[in-house]
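# Make a model of this:
(one chain, ligands or ions: 2)
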Amino acid sequence: MSATADDTRPADRTLVFAHVSDVHVLDLVGVSMSRFLNKRLSGLLNLASKRRNAHPVAILEAIVDDVIARPVDHVLLTGDLTNLALPTEFRRARAVLDPIARPDRLSVVPGNHDIYTRGAARDRRFESFFGDLMWTGADSAQTYPWYKRVGPVHLVGLCSAEPRLPLIATGRVGDRQLQRLTALASTHDLHGEFTIAMVHHNLHARGLRKDLMHGMQDRARVLDACAEAGVDLLLHGHTHVANRFRHGSMRVVGSGSSTWDAEHPDHRARYNRYHVGPAGLERIEVCIWDGPDRGFVTSELPEDPPS
Ligand SMILES: [Fe+2]
Ligand SMILES: [Fe+2]
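Ligands and ions are numbered 1, 2, ... in the order given. The predicted model follows:
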């Protein structure tokens, strides 16, 4: 049973979900150099060369302010909260998210940067900082996919992140999670109401090299399993550029990075707002960062491009 099982938001009004991803909070203060004698060495070099100032924490703070000032019913964060899965980074990410860090307001899944090393996976470091937003009360098994409700809407969180060798950022959901997803579909009748699933890795092809180095290895199976389970809207991160397509009647949306502060119009920091009414997904808005003075500029996205 989740903390939102007693969520009494009515089924006859439109709910708004914010989709935030790949915020990559960096915090190396006080971190011993011995922490970098593993896969993090390549990550540290990457940070030093190009990423150090690429994802300002101030933009994540502005997102938290924005979803409070222009209220949403729930915030969905699709992974890569950190860069190197360091305790300092998790602590800072949690502190920035603190105003909305309640299981009935915020849901998360881990990204490959949150389970960056074997030690982070062994210690279940991501889960130790954010598990209270995924599992509560009787759901003590703490397995993926987690399940919640927001009013009439079902939420499911899959984990695609596993530790990999340096320079490899592939992911995989795996058979066990897909079997559990099928069981959840039956237990909670996911076909009966609108269902949103969250996972970190992208679900579209990006070319052979990127797919081999960075892709989700069981992408096709995950797409089919989610569609068969009754998922209406499948959200992901990982690719820092936004993407959308349809898989049958299921909508698949990558928000792009919510804190990537780059000049190119496709690379501007952004997050999405999904309006879900009694008849399903009514519209998607994109909120693009336009600097501290203008904040987030919101516009409605056109229909999905043809697949
Ligand atoms: Fe990322
Ligand atoms: Fe990622």
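# Every contact and neighbour count from this point should use C-alpha atoms.
Will do.
# Now do the same contact list for the residue of the stretch 101-250 of the chain found nearest ligand 1.
Nearest residue of the stretch 101-250 of the chain to ligand 1 (Cα to the ion) works out as His238 at 4.5 Å. The contact partners of His238, by Cα atoms under 8 Å, 6 or more residues apart in numbering, come to 21-22, 79-80, 111, 200-202, 256-257.
# what about it, distance to ligand 2?
Counting by Cα to the ion, to the nearest Å, the gap from His238 to ligand 2 is 4 Å.
# Now do the SS call for that residue.
coil (DSSP: H, G, I helix; E, B strand; the rest coil).
# mind checking how far it is from Val222?
For His238, the distance to Val222 (Cα to Cα, to the nearest Å) stands at 16 Å.
# Any buried residues in stretch 187-204, and which?
190-191, 193-204 (16 or more other Cα atoms under 10 Å).
# and the residue most central in space within the chain, what does it touch?
In the chain, the C-alpha nearest the mean C-alpha coordinate belongs to Thr78, at 0.3 Å (Cα atoms, centre = their mean). With contact set as Cα under 8 Å, 6+ apart, Thr78 has these partners: 19-22, 108-111, 198-200, 235-237.
# repeat that for 7 Å
20-21, 108-110, 198-200, 236-237 (Cα atoms under 7 Å, 6 or more residues apart in numbering).
# same deal with Pro110?
So Pro110 contacts 78-80, 126, 159, 161, 200 (Cα under 7 Å, 6+ apart).
# same thing but at 6 Å, please
By Cα atoms under 6 Å, 6 or more residues apart in numbering, Pro110 lies in contact with Gly79.
# 4 is where my numbering starts, stick with that
Fine by me, first position is 4 from now on; the one you just mentioned is Pro113.
# For it, what are phi and psi?
phi -80, psi 150 (degrees, to the nearest 10).
# contacting residues around the helix or strand hosting Arg254?
Per DSSP states H and E: Arg254 is located in strand 253-257. The list of residues contacting strand 253-257 from outside it, by Cα under 6 Å, 6+ apart, reads 235-240, 245-249.
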